[in-house]
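> need a 3D model of the sequence below.
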Amino acid sequence: MKVSEEKRIKKLLQDIGNVEYNDNSKIERMSKYVKDTNKNLFVCLHPPAVVHYYHTHDFFEINYVYEGDCINIIEGENLHMKTGDFLMLHPGTFHTVYADSQSKVVNILVKPAFFQQAFSTVQGNGESPPALFINKAGNNSYYKYFMCGAEVVREEVTGLMEEEVENRVNSNIMQQALLSVLICKLLRTAEGAVISAMRCASSDLMIDMLLYMYNEHNSVTLSRMSEKFGYSKAHICRMFSKQTGKSFGSTLTEIKMEKAAAYLKDTKLKVYEIAQLVGYESNEYFHRLFKSYFGATPYRFRELFSLQQKNKF
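Below you'll find the predicted structure:
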């Protein structure tokens, strides 16, 4: 790669990481933006994660490792991804990405209605994982993910980032066209592709419960869960223990702590304001819980993150 091209790519990766859409948190930005915008897809860098923060979305998510590597943990499965690897996740699939601050993992987030309209008639080579994934997408039974080596689509990923950053006339149409080319290339050639087990409709209840907790984390209680889903509190507790390996309480605390960490990293809100946002009226109790979870007070956590960001440059 020529020096001028290296500089262009470096600047692009920096700019795509700084794209702002006036939301409080990078973690929240993706879901809100994809839901509210009239665009059919959104491109950004996945926020670096130093903790296992499980989350899900109601849209298709693509992770492309542009530089470095990462570990994508998908409902208990650890997938190690290196430069050039491509992963597509079906809506409703819980996962978390671990990537250090030097790695660049590009997120391409696609609205389901557009995805199904654009790719419902595409054909792949035989029973290739990309073809299987796309053909089952949106059905009651579907594959949670497929992953493959995809250096072949690096040019399209670069183009998607450029259109997001520059936001020129018809950028949304250009992005849709680039995604179509990207998908067609994968259907023709997918290196070392793997695909998950299928999820049946019967397993969606726990996903619905976790998604409800994720979205209503500041007010959800076991009693409210019982009322909403029509199961006794004891039965819900047993379901969480059996299907997630964690109690209902520890799962809710994990979601709240990771939400709080995102606010500390990405906003200038005061700590007591963040405590209230994630559902804690007692600031003192929030401090104790946060320190127990992360090993640092909220103030120290924010300070360390700020120093880490300065050292990057």
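> what residues sit buried inside stretch 4-15?
Neighbour counts using 16 or more other CB atoms under 10 Å place 9, 12, 13 of stretch 4-15 among the buried residues. All C-beta spots, glycine's among them, are computed from the backbone N, C-alpha and C.
> sketch out the low-pLDDT regions of the stretch 101-250 of the chain for me.
Low-confidence segments of the stretch 101-250 of the chain, defined by pLDDT under 70: 124-126, 200-204.
> residue ranges for the helices of it, please.
Counting by DSSP state H, counting those that start in this stretch, the segments of the stretch 101-250 of the chain that form helices are 112-119, 129-136, 154-166, 171-188, 204-215, 222-229, 233-244, 248-266.
> nearest to residue 17, of those?
helix 154-166 (9.8 Å; CB to CB).
> which of the residues in that closest one are buried?
Neighbour-count burial for helix 154-166 [16+ other CB under 10 Å]: 156, 157, 158, 159, 160, 161, 162, 163, 164, 165.
> same question, stretch 211-230
211, 213, 214, 217, 220, 222, 225, 226.
> got a list of what the first one touches?
Spelled out, it's residue 211. 56, 58, 92 (CB atoms under 8 Å, 6 or more residues apart in numbering).
> just give the number of residues close to the residue lying closest to the first one once chain neighbours are set aside.
Spatial nearest neighbour of residue 56, excluding adjacent residues (CB to CB, 6 or more residues apart in numbering): residue 94 at 4.7 Å. Residues contacting residue 94 under the criterion other CB atoms under 10 Å number 20.
> from residue 163, how far off is residue 307?
For residue 307, the distance to residue 163 equals 34 Å [CB to CB, to the nearest Å].
> an error on my part: the question was meant for residue 252.
39 Å.
> among the buried residues of stretch 211-230, which pair sits farthest apart?
For the buried residues of stretch 211-230, the maximum inter-member distance is 17.8 Å, found between 214 and 226 (CB to CB).
> got the contact list for residue 130?
88, 124, 146, 148, 183, 186, 187, 190, 193.
> can you check residue 80 too?
With contact taken as CB under 8 Å, 6+ apart, residue 80 is in contact with 69, 70, 71.
> can you pull the phi/psi pair for it?
Main-chain dihedrals, residue 80, degrees, to the nearest 10: phi -90, psi 120.
> for it, name its beta-bridge partners.
residue 71 (DSSP bridges).
> now do stretch 88-99: distance from first to last residue.
17 Å (CA to CA, to the nearest Å).
> which residues sit against that stretch?
By CB under 8 Å, 6+ apart, the surrounding residues in contact with stretch 88-99 are 46, 48-50, 52-63, 68-75, 105, 112, 130, 133, 137, 142-147, 199, 204, 207, 210-211.
> do me a favour and average the pLDDT over it.
Mean pLDDT, stretch 88-99: 85.
> quick check, nearest of the buried residues of stretch 4-15 to residue 38?
Distance to residue 38 across the buried residues of stretch 4-15 (CB to CB) is lowest for residue 12, with 24.4 Å.
> surely that closest one is in a strand?
No: Residue 12 is assigned helix when assessed by DSSP: H, G, I helix; E, B strand; the rest coil, not a strand.
> go ahead and confirm it touches residue 165.
Yes: using CB atoms under 8 Å, residue 12 is in contact with residue 165, at 6.5 Å.
> okay, the buried residues of helix 154-166 in CSV with distance to residue 298 next?
Shown next, in CSV, are the buried residues of helix 154-166 (distance: CB to CB, whole Å):
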residue, distance to residue 298
156, 41
157, 36
158, 38
159, 40
160, 36
161, 33
162, 37
163, 37
164, 32
165, 32
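> ok, those residues vs residue 246, which is closest?
Nearest to residue 246 among those is residue 157, at 34.9 Å by CB to CB.
> can you give the domain ranges for the chain?
Following automatic domain parsing, one finds the domains of the chain at 3-199, 202-312.
> what's the most buried one of those domains?
Mean neighbour counts were taken over the domains of the chain using mean count of other CB atoms under 10 Å, and the top value, a mean of 17, falls to domain 3-199.
> now find how far off-centre that domain is within its chain.
Once both centres are worked out by CA atoms, centre = their mean, to the nearest Å, domain 3-199 turns out to sit 9 Å from its chain's centre.
> swap in stretch 271-285?
With CA atoms, centre = their mean, you get 25 Å for stretch 271-285.
> what does it contact?
For stretch 271-285, contacts defined as CB under 8 Å, 6+ apart pick out 217-220, 256-257, 259-260, 263-264, 267, 269, 286-287, 289, 298-299.
> ends of it, how far apart?
One end of stretch 271-285 sits 12 Å from the other (CA to CA).
> likewise stretch 69-89?
Using CA to CA, one end of stretch 69-89 lies 18 Å from the other.
> how about stretch 182-195?
Stretch 182-195: ends 18 Å apart by CA to CA.
> which residues are in contact with that stretch?
Outside stretch 182-195, the residues within contact range by CB under 8 Å, 6+ apart are 86, 119, 122-125, 128-134, 143, 145-153, 156-157, 160.
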